[in-house]
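Visitor: Sequence and predicted structure below; questions after.
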Amino acid sequence: MTAASPARAAFHEFLARYRTFLLTTHINPDGDGIGSEVALALWLRGLGKTVRVLNDSVVPPAYVFLARAQPLEVYGPELAEERFTGAEALVVLDTSNRQRIGRLAPLIDRHPIAVAVVDHHVSHAHGFGRVNVIEPEASATGEILFDLMREAGVSLTPPIAEALYVALMTDTGSFRFSNTDSHAHRMAAELLGHGLDPQRLHAQVHAHASAARLRFFGEVLARLEIHEAGRLVVLEASPEQFQRHGLEGSDTEGLVDMPRNIAGVDAVALFSEVEPGKVKVSLRSTGRVAIDAIASRLGGGGHPHAAGVLLRGTRDQARARILPELHRVIDGGPPTGNGGGA
Ligand code: AMP
Ligand code: MN
Ligand code: MN
């Protein structure tokens with residue numbers, strides 16, 4: 001085995017050292033978080049290890065099909081105690097921010113569990129594990145796992161390939177965001193060689209929109225605001241809209257990406273007040289400016305071209321904290337290099 005970095009070598013040793021593993025990812029998990037959990041669980045099970053996956057949040061309907069291969073449990077106080085007691089090691093995937101694993105975070109302090117982190121976010125680049133494999137240049141956490149499996153000489157099975165493909169496809173916005181590079185395409189080509197059907201996988205992930213969700217998108221998009229002579233788009237969603245359409249915070253996925261298609265847009269901000277006083281801010285850049293620092297300064301994070309933060313207060317208060325910063329980066333924004341999707 002030849003590991004490409006000391007951190008990767010330490011991760012291989014970490015996996016070899018323990019027999020019972022618990023895996024988790026960030027709250028409101030996405031295809032990269034869930035796909036990475038399933039792929040790593042199958043890898044470890046193939047080595048004869050005992051593996052459980054426990055998340056703070058429920059699995060979104062789009063990714064339920066991945067749970068065929070590996071049960072994905074949801075936090076409950078007693079279940080969490082049991083899972084932390086039953087595992088020697090915890091691997092945290094797709095976040096290096098301790099708070100982002102939600103209600104699992106305090107259990108780390110109460111249990112003598114060894115922690116490893118595998119992630120591709122820049123905002124908390126030090127990580128909180130004993131071992132931290134944090135590679136911001138990777139387009140997805142699944143891409144890092146793919147490399148780690150290759151280093152370990154793992155023979156990919158179709159369910160592992162499927163989980164890694166979903167991770168890569170979702171975090172690159174189906175291979176169209178700025179984090180899509182030749183490595184991502186080579187990885188996709190190799191995964192497809194295991195008999196995956198890309199059209200079917202895309203449909204499984206993306207054919208979960210309800211009529212209510214599209215009507216909600218329509219309402220929000222109909223009121224989009226243009227600022228900065230067309231370079232900034234601002235969207236807002238109110239608690240009343242979420243309630244009337246029977247939707248929750250995760251239902252905004254994909255909404256903030258739509259105005260990126262408007263010619264001349266540099267950045268998009270979506271202020272979703274999911275419940276009164278709780279505003280989920282999603283920021284996107286089309287590539288010229290970096291917006292992750294705006295989110296991380298307020299306690300959130302993300303990538304140069306896709307970031308977010310949860311703010312307490314009204315939408316107007318959230319706008320007052322975010323918009324001046326966005327105006328500043330758009331007006332003075334230096335050209336940015338590569339950056340990522342989610
Ligand atoms: P979203 O706008 O929710 O799709 O998130 C875009 C990117 O920002 C993803 O890479 C998320 O992991 C990251 N992100 C969103 N919200 C937060 C947060 N509260 N803290 C840290 N990172 C976040
Ligand atoms: Mn993620
Ligand atoms: Mn990711």
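Guide: Received it, and whenever you're ready, just let me know what you need. Numbers count the residues shown, from 1 in each chain. Ligands and ions are numbered 1, 2, ... in the order given.
Visitor: Give me the secondary structure label for the residue of the chain most remote from its centre.
Guide: Distance from the centre of the chain peaks at Ala229, with 31.4 Å (CA atoms, centre = their mean). Assigned with DSSP: H, G, I helix; E, B strand; the rest coil, Ala229 falls in the helix class.
Visitor: again with the one 4 residues further on
Guide: The local conformation at Val233, judged by three-state DSSP, is strand.
Visitor: What residues does the stretch 201-342 of the chain have near ligand 1?
Guide: Ser282, Gly300, Gly301, Gly302, His303, Ala306, Ala307, Gly308, Val309, Leu310, Ala342 (CB under 6 Å from any ligand atom). For every residue, glycine as well, the C-beta is placed using N, CA and C.
Visitor: what's the most distant pair in the residues you listed?
Guide: His303 and Leu310 (16.9 Å; CB to CB).
Visitor: So which of those two has more stuff around it?
Guide: A count of neighbours by other CB atoms under 10 Å puts His303 above the other of His303 and Leu310, at 27 against 19.
Visitor: Contacts for whatever helix or strand Asp316 lives in, please.
Guide: Following DSSP states H and E, one finds Asp316 within helix 315-332. Outside helix 315-332, the residues that touch it by CB atoms under 8 Å, 6 or more residues apart in numbering are 227-228, 231-232, 234, 236, 238, 266-267, 269, 271, 273, 279, 281, 283, 289-291, 294, 297-298, 311.
Visitor: Tell me, what's the model's pLDDT at the residue farthest from the centre of the chain?
Guide: pLDDT, Ala229: 96.
Visitor: Could you report the distance from it to Leu191?
Guide: Separation of Ala229 from Leu191 (CB to CB, to the nearest Å) stands at 43 Å.
Visitor: quick check, distance from the helix holding Asp316 to the centre of its chain.
Guide: In this view, helix 315-332 has its centroid 24 Å away from the chain centroid, taken as CA atoms, centre = their mean, to the nearest Å.
Visitor: cool, and stretch 193-200?
Guide: In this view, stretch 193-200 has its centroid 22 Å away from the chain centroid, taken as CA atoms, centre = their mean.
Visitor: How far off centre is stretch 247-265?
Guide: Put simply, stretch 247-265 sits 16 Å off its chain's centre (CA atoms, centre = their mean).
Visitor: And that stretch, what's buried?
Guide: By neighbour count on 16 or more other CB atoms under 10 Å, the buried set for stretch 247-265 is 247, 249-253, 255-260, 265.
Visitor: how long is it end to end?
Guide: Start and end residues of stretch 247-265 are separated by 28 Å (CA to CA, to the nearest Å).
Visitor: What average pLDDT does it get?
Guide: For stretch 247-265, mean pLDDT is 94.
Visitor: try stretch 179-196
Guide: Rounded mean pLDDT across stretch 179-196 is 97.
Visitor: Need the contact partners of it.
Guide: Stretch 179-196 is touched from outside by 139-140, 143, 146, 156-158, 161-162, 164-165, 168-169, 171-173, 175, 198, 303, 305, 338-341, with contacts defined as CB under 8 Å, 6+ apart.
Visitor: Go through those and flag which are in helices.
Guide: Glu143, Phe146, Pro158, Ala161, Glu162, Leu164, Tyr165, Leu168, Met169, Asp171, Pro198 (DSSP state H).
Visitor: Can you list the buried residues in stretch 232-251?
Guide: By neighbour count with 16+ other CB under 10 Å, stretch 232-251 contains the buried residues 232-239, 241-242, 245, 247, 249-251.
Visitor: out of the ones in helices among the contacts of stretch 179-196, which are buried?
Guide: Burial by neighbour count, judged by 16+ other CB under 10 Å, picks out Glu143, Phe146, Ala161, Glu162, Leu164, Tyr165, Leu168, Met169, Asp171 from the ones in helices among the contacts of stretch 179-196.
Visitor: ok, the fifth one - contacts?
Guide: Neighbouring residues of Leu164 by CB under 8 Å, 6+ apart: Gly35, Ser36, Ala39, Gly142, Leu145, Phe146, Leu156, Met187, Leu191.
Visitor: Closest one of those to ligand 2?
Guide: Within these, distances to ligand 2 taken as CB to the ion reach their minimum at Ser36, with 8.7 Å.
Visitor: In the stretch 151-300 of the chain, what residue lies closest to ligand 3?
Guide: Counting by CB to the ion, the stretch 151-300 of the chain gets nearest ligand 3 through Asp171, at 4.5 Å.
Visitor: these two touch, right, that residue and Asp32?
Guide: Yes - with contact defined as CB atoms under 8 Å, Asp171 counts as touching Asp32 (4.3 Å).
Visitor: Could you pull out the strands in the stretch 201-342 of the chain for me?
Guide: Using DSSP state E, counting those that start in this stretch, the strands of the stretch 201-342 of the chain run over 225-227, 232-237, 267-275, 278-285, 301-303, 306-312.
Visitor: Need the CA coordinates for the second one. CSV is fine.
Guide: What follows is the C-alpha trace of strand 232-237 in CSV, where atoms were taken according to Å, rounded to 0.1, in the frame of the first residue of the first chain:
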residue,chain,number,x,y,z
LEU,A,232,-26.1,39.6,-7.4
VAL,A,233,-29.4,37.7,-7.1
VAL,A,234,-31.2,37.5,-3.8
LEU,A,235,-34.0,35.1,-2.9
GLU,A,236,-36.2,34.9,0.2
ALA,A,237,-38.5,32.2,1.5
